[in-house]
Structures are given as structure tokens and as C-alpha cells.
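[1] coordinates for the following, if possible.
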Amino acid sequence: MNYPFEKLHSLKSVIPARPESFFVTKKRFPPSGNDRKCFICLFIYFLPFILHILFFTTASYADDQTIITSETLEYDYNERTYVAKGKVKIERADTVIEADEIIYNDQTSDVIASGNIRYHDNDVTIHAGRAELNLETKSGTVFDAEVFYKKDNYHISGKEIRKTGNDYYSNTEATFTTCDALVPAWCFKGRDMNAAVGEALTAKDVFFRIKNVPVLYTPILWAPILTERKTGFLFPFFGYSDSRGFQLNLPFYWAISESRDATFVLDEYTKRGLGTGIEYRYIGLGNMEGKWWGYHIRDNELRKDFFEFRALHMQRSTERMGGYLNINFINEKDYYREYKTDLQVRTNRFLESTGEIALPFSNSRAYLLSQYWIDLKEDSQDPLQRLPEAGYVLNPTTAGPFWISGSTSIANFWREEGVYGQRFDVFPRITHQFGEDITVLQSLGLRETAYSLHRGEDDSLHRESFEYSILGHVRLLKKYASFTHVIEPSLGYTFITNSDHSPAIFDSTELFPKTSLLSLSLLSRFISDQGELMVLRVSQGFDSYQGDRPFLPVLFDVGIKRPLPLRLGTAYNVHTGKIESINSDVSMKIAEIAFLAGQRYNRLTDVNTFVAGIGIHPFTPLSMDGRIWYDAEQKETREISFNITYTSQCWGINLGFVKRPDDFSVSFLIELKGLTKALKI
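    Below you'll find the predicted structure:
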């Protein structure tokens, strides 16, 4: 097509929002002869108008003006088109397009560009060999193109890509990835690809490629390409266990609404059977949130059904009625040992379910509470259930120089075997404090407890108690050049009288025995400019009501933050000359290697376990950690675990290994950045 072009001598042309206010004729510039005189007269005549335009009206369309920079620039008035060649650059608002040659229509804002095209706006960068775009709508078609969506690092490339707003379509073969490398670590390659940014990616005849090597094929692909929640299949989890066989965990995510969602789970164990589960989550007004989980598996090897149900609902408030519900239930005590890999979950002794409704007042609250326990130890007696308890708690309230507090409750306890019944308890207290250099705190309380029991020797009994305690405390400190040493000795006495009735133990309320206890404690703290360095505490009590063994165990606690983090707590029995318990944890880090070790020892319950672990972080993407748990009482290693995690710019992988005396398991999880919410094939 031949255009009646007019060549412009300047290398930059500014095209305003209303280009018809500028005239380009077929005469060449600059004018000569009489035309020059006419031009000067017109210029002087219109000078005030021009000044007004420049200084007062430019801002009204500055954001819409188009600036063209090139080596040569021609304009066709009839077609309203510019033809720019040689290092062409067009700028309009937040959009910049560069190419070897561009044809631009200032009426329609259409652009036809060719040769080394580079397109930029706030959201997208495009490299292409040829492009047909509209700068107003930011839509069009790019050929032999690579599209980079900045916000979530999405890369789309193909021979022909149509752009409609934030949507990209390709009728030919195209690829999608979130990797920056020239040869991406992974990508999806297929035809009829539709990438709606903020929505989803769809394609046909898709190959999943690793380093450009096809490893997986699917006839249809759907994947959300956004950080928001979307309905679809999540990435599967793979595992292997000697006792359960190969495991495939396939979750499906359902985004019900902005405040509710759910996950459906299929668990296939080749040696055990098929498990199904559902988790439902929600949030609401008034600090309401909840999470419910139900799971079932028919174990073909053990020939029994396992059920698990968990629920957590919270709606706490300091101004109006609120509460929470926490349910944990399994129908078989060995469920966690058979199917859970987490050490803490597998070693739980009890499962607790609790529900409470509370009504707050200005300085007190009323409540209704229920608790249900499951003892996970085989052949153990059913624990006592609190179904329910109603009570009232008065927080410390000033009354002149005194503080008044108290609590009252009525509770129903039940169990299938053993003593159960109802209990009423009221316990008011008054507290007073005086002194400055030496602080003295004393408290006086009266307690009345009445019982209505079943299956006991005495069905109806009551107990009255009087409690008085006093504690003297002083703080001494001395400053050194690099730290401050603080010593805090304290001396206290507690006296409790009690009736001779000894009811069955329901909870800590019954652990209120006759006491005449003198206790001494010494706290030593070392503090530097960076904070606390070390804390040491030694304490012991003398109870005259303990017969020929009045001295209580000596308690020694130490906590060190620097240079070697350490926590240690021990109890030493002065009568037997033996250590009753030890709880210790120590950790240290050398370069990129972290070490930890700990011990749990209790002579009365025959617990003596050691835990040691190591974490290695040799470089940024890779981390490894291992842990060993040794039971000194049973003289066996209870568990060895090891995890490897590798995280790169666009993908991550986790491998887990767990070895126990009766089982060995392996887990495998892969993550593709940008597709973490859902994946459906």
C-alpha cells in the first residue's frame, strides 16, 4: 500500500490526545518567502492562545499523549498514520513499545511493529518478532513472542499469542512456566493454550517437561495461575512404608466462598486400603473461625475401620458471650501409631476434647465447660470425664489496700468404672502487699468443697480448708563493665488446714492437702546490653507435715541464651540421694550447621529418652535435617528421621525418611511455584 507520506525533519514527535488541533500539510518545513511572513503573523496572533495551551491545558491530556522517537518519521494525513523506522520508541502513559519499524494510527491507537519488539507496561513485558497491538486497549496479537507477567513471574511463549487485556491465547503450540532460566527447570508445553492471568491456564495435548525433556503427558490441563484460592486438585503426595505399602494422597480443593473452603482427600495405601477425608474451614464476623476434619479408612490387613474426627471452633470475646470448641476423637487407640508419622502425635498419651461458653463482665466471667479424655494407652482405665462444669471467676479487684479474688464451680464427673459424682467448690481469696526494698506479699483464702459420690465408701461428704501464705522478696544488683548481676532471694511460708475427709481425686482441686511448707529460693540473673545472658534458680521446701521426710526435692533450673543456648531443670531427692527428674535442651550453630540435643528423665514413671538432631544448610536452596530418638529404658532407638528440602527460584522438592523398629517410610512432595493452589489434570 502506498501512503502519501510527509517526512518530518525532527526525530521526536509529540501527539496529543486531540491530534486534530495540530495540522500537518504536504508542504515541507521550514516555509520560505511570503509564507514565512504569514507564518510569523499567525504565530504572533496566536501566541497568547499557544501560551495558554502550554501552561494551563497540557496537564489535562499529558497522561494520554503519545511520544514517538525514531531515526526517520513520516506522517500520512489522509490515513492518520505515522511510519517510524530505526530504533523506534513509542511512549504512552505507562506503556512503552520499541521496535525496528512501527506504523502507528493516531486515531485508532493501532500499532503494527516488526523487528526486535520490546513491549513494557506496569504488568507485562513482551519480546516478539512482530506485533499488532492497540495502545488504548492493550490488546492485539504478537508473533514469535515471549510474554512475562511481572506480578507472579509467569512466562508464556509461542508462535502466535493473542492478548486481550490480561488474557493471553495461543492457537498454536505454546509453553508456560514460572522459571527465569533460558532452558526452564520445568514447563508445560501444549496447543490451544489459554492463559487468563488472575484466573487459570488451560491447554490441550500437554507435555510436562523438565529441562526441556518430556516426562508426563495429559490430553487436557487446567491450572490456576494466581495467588488467590481456586477450586481444583492440589499437588499429590507420594510415600512408601514397609507396613502400609505405597501411598498416594490426592487432595481436591474447593473454594466455596471468600470466607469458606474445603479439601477432600483420597488416600490409597497398597497394603491397607483406601482412606477418605474432608476438611472444612471458615472465618466469620466477631473473631469467629473454625476447622473441621473427618477421616475414615477400612484397614484390610487389620480388618477393622479407623475413624478420626477433629473440630476447632473459636469465637472469643472480651465484651460479649463467646467460647470455643475443640474436639479430638478416634475410635481405635492404635490409629495414630498405625497411620501418623509425626513423633509428637504418635507418642501422645491422652486426647482431650474441650468446649467452653464464657460470658465476660467488667472484672469477672461466668463459664460453662465440658472436657472429654481418651487414654491412648492399651488396657488402661477409662479416664474421668467432666460433663459439664459451670463456674464463676472473679479476677483480682482492688478494695482499699487489698486485692479480692475468687472462684466457684459446680461440676459433674463421670466414668464407666470407679468413683464418680458431683462436686461443688467455692474458694474466695484476699491479698495484700507492702514494702519497697523488701516486698512482702501475703494471701488468705477459705475453701469449701462438697461432694455427692457414687460407687464410693461415702456418698456424701464435704471438706473445709484454710490457706494462708506469705512471701518475702528482695532484689540486689551490682553493675560490672560488661554485664549486670542481679540476685533475688525469697523466703515463703504456706499453711493449709484440711478436714480429714479424703475424696477420690478428680483434678487439682483434690490436690489441696494439709500443708505447713517453708520454702527458700535464690534467683541469679546476668544481664548485658544485648539482653539476658543467663538465669539460675535454686529452691527447696521443708514441709513439717511430711513425717520423717520433710525436705522436698532440691530444684535446680538454669537457662543460658548466649553463647550456648541451654535449658536444664533437675529435681534432687535429698532423702534417697537420687535425681528424680531431668529435662534438658541444648543447641548450637557453627557456620551453616545447627546441633541440638535433649534428655527427658523421670525416675518415678520410668522415662529416660534422649533426642539429638542436626540441621545443615550448605547453600541457599538446600537444607537437610535429621533427628534420632533413643529410649534408654527400653535400650532401643525409637525413631530416626531425615528430611531433605531443595527450593529453587521456580520449584521445590521435599524428601522424608523415617525409620522405626517396626516400620520404614519414605515421603515425596514436589512444588511448582505459581501453581501451589490447585492443579487439575
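
[2] thought K189 was touching R209, still the case?
    Yes. Contact criterion CB atoms under 8 Å: R209 and K189 qualify, at 5.8 Å. For glycine as for every other residue, the C-beta is placed from the backbone atoms N, C-alpha and C.

[3] hey, where'd the strands end up in the stretch 201-350 of the chain?
    Secondary structure of the stretch 201-350 of the chain, counting by DSSP state E, counting those that start in this stretch: strands at 213-224, 232-233, 237-241, 245-257, 260-269, 273-284, 288-299, 304-315, 322-330, 350-360.

[4] off-centre distance for stretch 317-324?
    25 Å (CA atoms, centre = their mean, to the nearest Å).

[5] I should have written stretch 351-367 there, sorry.
    Distance of stretch 351-367 from its chain centroid, counting by CA atoms, centre = their mean, is 27 Å.

[6] got the phi and psi for L234?
    phi -90, psi 170 (degrees, to the nearest 10).

[7] all helices of this structure, in order?
    Using DSSP state H, the helices of the chain run over 34-45, 47-52, 335-339, 343-346.

[8] which stretches of the protein have low pLDDT?
    Low-confidence segments of the chain, defined by pLDDT under 70, are located at 1-64, 165-169, 171, 197-199, 224-229, 675-681.

[9] biggest strand in it by residues?
    Secondary structure of the chain per DSSP state E: the longest strand is strand 438-454.

[10] paired strands for that strand, with orientation please.
    Using DSSP bridges, the strands paired with strand 438-454 are strand 420-434 (antiparallel), strand 460-474 (antiparallel).

[11] now tabulate these in JSON lines and tack on distance to W651 and mean neighbour count.
    Output for the strands paired with strand 438-454, formatted as JSON lines (distance: least, CB to CB, whole Å; neighbours: other CB atoms under 10 Å):
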{"stretch": "strand 420-434", "distance to W651": "58", "mean neighbour count": "16"}
{"stretch": "strand 460-474", "distance to W651": "58", "mean neighbour count": "15"}
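
[12] out of those strands, nearest to H313?
    strand 420-434 (27.7 Å; CB to CB).

[13] ok, F252 - contacts?
    Residues in contact with F252, defined by CB atoms under 8 Å, 6 or more residues apart in numbering, are 232-234, 263-265.

[14] reformat the strands paired with strand 438-454 as TSV; add distance to A128.
    Below are these laid out as TSV (distance: least, CB to CB, whole Å):
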stretch	distance to A128
strand 420-434	79
strand 460-474	77
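
[15] and these: which comes nearest D100?
    strand 460-474 (84.0 Å).

[16] got the contact list for that closest one?
    Against strand 460-474 from outside (CB under 8 Å, 6+ apart): 429, 437-453, 488-499, 501, 503, 512.

[17] out of the residues you listed, which end up buried?
    The neighbour count (16 or more other CB atoms under 10 Å) marks 429, 441-443, 445, 447, 449-451, 453, 490, 492-496, 498, 503, 512 as buried among those.

[18] make a ChimeraX selection of the buried ones in the contacts of F252.
    Applied in ChimeraX, the following selects the buried portion of the contacts of F252 according to 16+ other CB under 10 Å:
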select :232,233,234,265
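
[19] from the contacts of F252, pick the one nearest D342.
    Of all these, the one with the least separation from D342 (CB to CB) is V265, at 16.7 Å.

[20] OK, contacts around the nearest residue to the closest one once chain neighbours are set aside?
    Leaving aside its chain neighbours, V265 sits nearest to G277 (4.1 Å; criterion: CB to CB, 6 or more residues apart in numbering). For G277, the contact set (CB under 8 Å, 6+ apart) comprises 264-265, 267, 293-296, 308.

[21] and with 7 Å instead?
    265, 293-295 (CB atoms under 7 Å, 6 or more residues apart in numbering).

[22] same question, R567
    When contacts are counted by CB under 7 Å, 6+ apart, R567 touches 559, 584-585.

[23] A594: which of these is nearest?
    Closest approach to A594 among those (CB to CB): D585, at 13.1 Å.

[24] so what sits opposite the closest one in the bridge?
    Here D585 sits in beta bridges with R567, G598, going by DSSP bridges.

[25] go on, A131?
    Applying DSSP bridges, one finds that A131 bridges with A113, V142.

[26] so for stretch 314-327, what gets flagged as buried?
    315, 322-325, 327.

[27] mind putting those in a markdown table, distance to L533 included?
    Output for the buried residues of stretch 314-327, formatted as a markdown table (distance: CB to CB, whole Å):
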| residue | distance to L533 |
| --- | --- |
| Q315 | 43 |
| G322 | 41 |
| G323 | 43 |
| Y324 | 39 |
| L325 | 43 |
| I327 | 44 |
